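Participant: after the sequence you'll find the predicted model.
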Amino acid sequence: MIGSLLLICTFVGYFAASALYVGALYDQRREPWARGGVYLGWSAQTVYLLRTTVILGALPIFSLYHWMAWFVWLMTGSFLVIQHRRHYAQVGSFLIPIVFLLWTGSQWLVHKAATRGPPFLVGWLDLHIALATASYAAFLLAAIFGIMYMEKERELKRKKVRLFYYQLPPLEDMDLIASRLIMLGLPFLTVAMYLGAQTAKVVWGSYWTWTPKEMWSFMTWLVYLVYLMLRGMAGWRGHRSAIYAMLAFILVIFNFVGVNLLFPGPGGF
Amino acid sequence: MTRVQIQVVGLNHQTAPIEIRERVSLGTDQMARAYRDRRKNSAMSGVVIVSTCNRTELYVAGPATLAEILSWWESLVGVPRGDFVDYLYWYTKAEAYSHLFRVAAGLDSMVLGETQILGQIKSSYQLADGYQAVGPLHRLFQYALRVGKRAHAETGISHNALSVGHAVVELAEKVFGDMGPLQALVIGAGETGSLVARHLAAAGIGKIEVASRTTEHAERLAQEVGGRGVGFDRLTAAMRQADVIVSATSAPYPVITLERAREAFKGQTQRFRFVFDLAVPRDVDPEISKFGSGLFLYDVDDIDQIVEANHRQRQKEAIKVERIVQEECGAFEEELGATEVGPVIRSLREKAESIRQVELSKAMHRLSNLTSEERSVVEEATRIMMNKFLNDPMVSMRRWGNDGGKTVYIDAIRDLFRLREEKPPTIAGSTATDIASREA
């Protein structure tokens, strides 16, 4: 009962926020209302996740359904931090609708909490998943900054300014933020993969078992590492960097959706 | 007593050509004379004159007729009214308030939404106040200043550049954000180059270099904007270092050729760079934009397009400002109505209250053996009776205050109840300097 009420509040909050944030691109007076929607949805989700944690006695990240909720919560939370800075409220117009769709889509997944791993692994496995999630969140945000960059750059290059010219942060700032997010996400992913390998060693007796999941994760890691190298050494900036961040995230999507659906197996989502 | 009539007579850039505007405008000396003068005329209990290069407007409170105001104006500037009467507008009451509010918000300005006019209105108001000429216009001007402030704070009416100089800064900021760490190169120290260099300096750009064929010109401009002069022989090297390049020479051939740009930008294909070509004929080979994905090249026509788009943007915001003007107009009228009936309501109340007090104390004197509880019951009863009796007239009077046709009723009330003459309606709440310090 309380659970469904919280879910309804989350839905209403995020839905209203999505509509209002897109509307805020056209009229900024909608922005405070949109933020109100985010606060509603996010606090309802916080309570929901806390409640589930208490009921399960552990972080609710052991089924795709719960994991998505946790991911959306993390994304929205980081947005609430970012938007405090002038200019970055408009990130909401891109992020919140995506997050809302992700969350709503996840409602069709099985709600049941999945079986947990062997008890001796509990803490490490939690950390493994939490860190991987945090890195995905950073990568998604970086991709969103990439989209925003491309939109604004297109208007500036075509010299026909309409919406994004007026609304979005300066190009250089968006470029820098995207790269910082990836700089933040990559160490998370590195540690997550290290923990994953340790877990694999304990459970299957080998650090590396050549599962598709492992290979895709490694590729993702490599791709983001190359991104940072290109920026650091080859001086990549702006346009190319933005496209790279967007394409790289497609790998992440495939990693946590495609691989799970196509090659079900150990390693979770 | 009838409502104080507020009116405005004036002309502006839309109604009158510059030849007329300059003849009828009032300088500081003339205004001083005007404010001293008006004391002779009891039909003008308050005057504020707003005179800028785009408008001259006389705001008058009092029953003065248009002819009186015109002959006054005529005598002040020494121009026969026949010469400018065709260009005038004359608004009274609500039209006058909303006119001033629109002017204050920049809606009536040549450059839509500009902020200068608000400062001019403020200083006109302060000047008039210095001569104690504002009278019943105090609240009107306080409202006007508030409308201006709200318009700039709550809408984007004053955002987005409408001139070339501002547009260059705005575009650079759209790419780089903070101007502090940037370096600019201005090529050509002529009129346009100087203008843009000044704008960049004002926007707080980190470093400016000025290049010109004539070294003295470059040095002079560089000194003015706190930058450094660069010889044409070092142009390529200076280009290489600059984030913002502005070219505005009068050269008949391209200054930034394909070869020069290739050399200057070699190995910097990813770097953000904004090149403004403000010269006609153009200084920059349009092909240079292929030298980098972070390179933006805008010529005069492109900037015009941005300015046009910005203008459309301001027009959209103007609709919101009109809403604010309407809102404040309503609030002002309501306040005006309340200030007019306020004194009558107050004296009616005071009269009733003093009768009650006198009669109550007489009665209490005769009923000396009442308990304190009984005394308070009696006292309460007289008070309630008085309040209930006065309630309907109060409500009606407040409504009359905002209904021009019924202000005469208020005079009737005064006669009917033989109310003592209350103080004349002071719309003046506080002085202009008070307001100014609060505004700041």
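Facilitator: Alright, I've got the coordinates.

Participant: so what's the closest residue to chain B within the stretch 101-250 of chain A up against?
Facilitator: For the stretch 101-250 of chain A and chain B, the shortest gap (CB to the nearest CB) falls at A:Pro170, measuring 3.4 Å. Bear in mind the C-beta positions are built from the backbone N, C-alpha and C, glycine included. By CB atoms under 8 Å, 6 or more residues apart in numbering or on different chains, A:Pro170 lies in contact with A:His87, B:Glu173, B:Lys174, B:Val175, B:Phe176, B:Gly177, B:Asp178.

Participant: and the residues you listed, which are buried?
Facilitator: Buried members of the contacts of A:Pro170, counted by 16 or more other CB atoms under 10 Å in any protein chain shown: B:Glu173, B:Lys174, B:Val175, B:Phe176, B:Gly177.

Participant: I figured the last one hits A:Met174, correct?
Facilitator: No: taking contact to mean CB atoms under 8 Å, the distance of 9.1 Å between B:Gly177 and A:Met174 leaves them out of contact.

Participant: and stretch A:180-193, how far out from the chain middle?
Facilitator: With CA atoms, centre = their mean, to the nearest Å as the basis, stretch A:180-193 stands 13 Å off its chain's centre.

Participant: pLDDT on it, on average?
Facilitator: Averaging pLDDT along stretch A:180-193 yields 93.

Participant: repeat that for stretch B:376-387.
Facilitator: Here the average pLDDT along stretch B:376-387 is 92.

Participant: so which strand or helix has B:Gly193?
Facilitator: Using DSSP states H and E, the element containing B:Gly193 is helix B:191-202.

Participant: cool, and B:Asn160?
Facilitator: B:Asn160 belongs to no helix or strand, assigned by DSSP H and E.

Participant: which residues does it contact?
Facilitator: A:Tyr166, B:Glu170, B:Asn310, B:Gln313, B:Arg314.

Participant: neighbours of the fourth one, how many?
Facilitator: Residue neighbour count, defined by other CB atoms under 10 Å in any protein chain shown, stands at 20 for B:Gln313.

Participant: can you pull the residues of chain B lying near chain A?
Facilitator: B:156, B:160, B:171, B:173-178, B:268, B:270-272, B:293-294, B:296, B:298, B:302, B:305-306, B:309, B:313 (CB under 8 Å from any CB of the partner chain).

Participant: quick one: contacts for the spatially closest residue to B:Ile413 that is not a sequence neighbour?
Facilitator: Nearest non-adjacent residue to B:Ile413, counting by CB to CB, 6 or more residues apart in numbering or on different chains: B:Val344, 5.9 Å away. Residues in contact with B:Val344 (CB under 8 Å, 6+ apart) are B:Met397, B:Ile410, B:Ile413, B:Arg414, B:Leu419, B:Glu422.

Participant: tell me what angle the one helix or strand B:Val344 maps to forms with helix B:191-202.
Facilitator: Secondary structure from DSSP H and E places B:Val344 in helix B:300-366. Going by axes from the mean of the first three to the mean of the last three CA atoms, to 10 degrees, helix B:300-366 is angled at 50 degrees with respect to helix B:191-202.

Participant: now helix B:300-366: average pLDDT?
Facilitator: 90.

Participant: how much distance is there from that helix to the middle of the chain?
Facilitator: Distance of helix B:300-366 from its chain centroid, counting by CA atoms, centre = their mean, is 19 Å.

Participant: from the chain's centre, how far out does the helix or strand just after it sit?
Facilitator: Counting by DSSP H and E, the element after helix B:300-366 in chain order, helix or strand, is helix B:372-401. Helix B:372-401 has its C-alpha centroid displaced from the chain centroid by 45 Å (CA atoms, centre = their mean).
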